[in-house]
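Asker: Got a predicted structure here, sequence first:
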Amino acid sequence: MANFWNKALGFKAGEHSVRTEIVAGLTTFLTMAYILAVNPSIFGALDMPKGSVFTATALAALVGTLVMALYARKPFALAPGMGLNAFFVFTVCLTMGHSWQFALTAVFLEGLIFIVLTLTKVRSWILNAIPLSLKHAIGAGIGLFIAFIGLQNAGIIANNDATLVSLGDICHGKALLAIIGIAVTGALVILKVKGGILLGILITTLIGLLIKDPATGAAITTFSGVVSLPDGLGPIFCKFEWGSILSWDMLAVVFTFLFIDMFDTMGTVIGVSQKAGMVDEKGNVDGIDKMFLADSIATVAGACFGTSTTTTYVESASGVGAGGRTGLTALTTAACFALALLFSPLFLAIPGAATAPALVIVGVMMMGPVVKIDWEDFSESIPAFITVLLMPVAYSISDGILIGVISYVLLNALSGKFKKISVTMWVLAVLFVLKYIFI
């Protein structure tokens, strides 16, 4: 039986540690568990039942991550994607005026198209066409992006009308808790404590019991219970709107979902795979087609359950940073999502300020590939720098990749370096420009 599971999960007894993989899976789950609270809140704007959306979110994450664990055998976790859920609710439904059933149909169609693109290897063909310098930049850019997410979630970085962002109130509340957590987690990592990132999350959560939120006067970490039975999916399960599938609006929405999901996923897979050492000397990712297929299947399943596009989560980097390298990491994360269906109050008690330190520390770990970029060759370094910079400031992995590719083709063409530009890169650059013009 042990040999079966080793083969099923890509686990090798002499090379991998069960304890490390399980700790990595727990770490990944704790850094992305916020989606269980955020997704129902976002969909609440459409008057969709929050309890059902919570169940759909957990089930979509469970199914997607299980496929990643058992089929792709990689340490990545999936869940309904941030940004994609906002596009679903605020653009497709509230701005364009379509029903949530229309949007769910678009997500379902997108998933089916992605399955076809994956089986025909179109997605891996596009990924392999991206120059190595941009692949290195993607990993580093994602590091900055997730660190920025962590700082923002903790209130260390705050919104500011004059400068867009500024330093928050770091002497009180959740920002103070996050700073303490960064110090604790950083020390554990420096001391090479096994499971240091996970321990950092748990210790910071406990410290949150002692620090009050100035806005509410309550402790930042609060427990509302332990066990809670999940709501049923009946009101949102397979509620598709087939009468609109041939409309121009449906075409535009599906195409937009495709673009955002494809390049968010590509960026995450490249960046986290680099950190895990699962790339060759050309930056190509081992087992990429299986990972893409897991992502596609998860999107179709998520649409059936009643939620937005399910995608590979950038927070998977936290588990990889904790040592996860096999499907056992993903299997552990999937098990946590299954438990969350029954123990949601316990998992949701972990505040964003407690997971922020993990994202910051993992951001540091993901900056390594920048040293592999030839900074003296400006035809490589300028597009790479643009890619790294845009991910956090545009708050989008996909925009960083798209504009990075456009700038690579444009700058090399203007400087006469046509031999460096493949036909695929020319096609991608044109498509990306058209995307910004028309979508």
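Answerer: Thanks, I have the structure now.

Asker: residue contacts, the closest residue to Ile142 other than its chain neighbours?
Answerer: With sequence-adjacent residues excluded and distances taken as C-beta to C-beta, 6 or more residues apart in numbering, Ile142 is closest to Gly271, at 3.7 Å. C-beta here means a position set from N, CA and C on the backbone, and glycine is covered the same way. Going by C-beta atoms under 8 Å, 6 or more residues apart in numbering, Gly271 touches Ile138, Gly139, Ala140, Gly141, Ile142, Gly143, Val314, Ala317, Met366.

Asker: Between those, which sits nearest Thr424?
Answerer: Looking at those and their distance to Thr424, the nearest is Ile138, at 16.5 Å (C-beta to C-beta).

Asker: do you know how far that closest one is from Met278?
Answerer: For Ile138, the distance to Met278 (C-beta to C-beta, to the nearest Å) stands at 14 Å.

Asker: before we move on, what about Ser318?
Answerer: 16 Å.

Asker: Same question for Leu70.
Answerer: Distance from Leu70 to Met278, by C-beta to C-beta: 17 Å.

Asker: Hmm, Gly83 and His256 touching each other?
Answerer: To be clear, residue 256 is Thr; His isn't right here. No - using C-beta atoms under 8 Å, Thr256 is not in contact with Gly83, being 11.4 Å away.

Asker: which helix in this structure runs the most residues?
Answerer: Secondary structure of the chain per DSSP state H: the longest helix is helix 248-276.

Asker: Return the set of buried residues in it.
Answerer: Of the residues in helix 248-276, 250, 253-276 count as buried by neighbour count, 16 or more other C-beta atoms under 10 Å.

Asker: and stretch 270-285, how far from the chain's centre?
Answerer: Taking C-alpha atoms, centre = their mean, to the nearest Å, one finds the center of stretch 270-285 at 17 Å from the center of the full chain.

Asker: what's the span of that stretch, first residue to last?
Answerer: Stretch 270-285 has an end-to-end distance of 7 Å (criterion: C-alpha to C-alpha, to the nearest Å).

Asker: between Ser318 and Met278, which one's more packed in?
Answerer: The neighbour count for Ser318 versus Met278, taken as other C-beta atoms under 10 Å, is higher for Ser318 (31 against 19).

Asker: And for the closest residue to the more buried one other than its chain neighbours, the neighbour number?
Answerer: Leaving aside its chain neighbours, Ser318 sits nearest to Thr31 (4.3 Å; criterion: C-beta to C-beta, 6+ apart). Other residues within reach of Thr31, judged by other C-beta under 10 Å, total 33.

Asker: cool, and Leu339?
Answerer: Residues lying near Leu339 (other C-beta under 10 Å) number 15.

Asker: That one - that's part of a helix, no?
Answerer: Yes - the assignment for Leu339 is a helix, going by DSSP: H, G, I helix; E, B strand; the rest coil.

Asker: Could you check how far it is from Ala58?
Answerer: Distance from Leu339 to Ala58, by C-beta to C-beta: 9 Å.

Asker: centroid residue for the protein?
Answerer: Tyr313 (2.5 Å; C-alpha atoms, centre = their mean).

Asker: which residues touch it?
Answerer: Going by C-beta under 8 Å, 6+ apart, Tyr313 touches Thr28, Met32, Ile35, Phe76, Ala77, Leu78, Ala79, Gly81, Thr268.

Asker: if we go to 6 Å?
Answerer: Neighbouring residues of Tyr313 by C-beta atoms under 6 Å, 6 or more residues apart in numbering: Met32, Ala77, Ala79.

Asker: of these, closest to Ala301?
Answerer: Ala79 (11.7 Å).

Asker: Next, give phi and psi for that closest one.
Answerer: When read as degrees, to the nearest 10, the backbone of Ala79 gives phi -170, psi 170.

Asker: close enough to count as contact, it and Val63?
Answerer: No - contact between Ala79 and Val63 fails when scored by C-beta atoms under 6 Å: they sit 10.3 Å apart.

Asker: Neighbour count for these two, which is higher?
Answerer: A direct count of neighbours by other C-beta under 10 Å for Ala79 and Val63 places Ala79 higher, at 30 against 22.

Asker: related to what we said a few turns ago, and the helix or strand following the longest helix of the chain, C-alpha only, in CSV?
Answerer: Proceeding N to C from helix 248-276, the next assigned helix or strand is helix 288-305, under DSSP states H and E. The C-alpha trace of helix 288-305 is given here as CSV (Å, rounded to 0.1, in the frame of the first residue of the first chain):
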residue,chain,number,x,y,z
ILE,A,288,3.5,21.1,-17.1
ASP,A,289,0.7,19.5,-19.1
LYS,A,290,-0.6,17.5,-16.2
MET,A,291,-0.6,20.7,-14.0
PHE,A,292,-2.5,22.6,-16.6
LEU,A,293,-5.1,19.8,-17.0
ALA,A,294,-5.6,19.7,-13.3
ASP,A,295,-6.2,23.5,-13.4
SER,A,296,-8.7,23.1,-16.3
ILE,A,297,-10.6,20.2,-14.6
ALA,A,298,-10.9,22.3,-11.4
THR,A,299,-12.4,25.2,-13.3
VAL,A,300,-15.1,23.0,-14.9
ALA,A,301,-15.8,21.4,-11.5
GLY,A,302,-15.9,24.8,-9.8
ALA,A,303,-18.4,26.2,-12.3
CYS,A,304,-20.6,23.2,-11.7
PHE,A,305,-20.4,23.7,-7.9
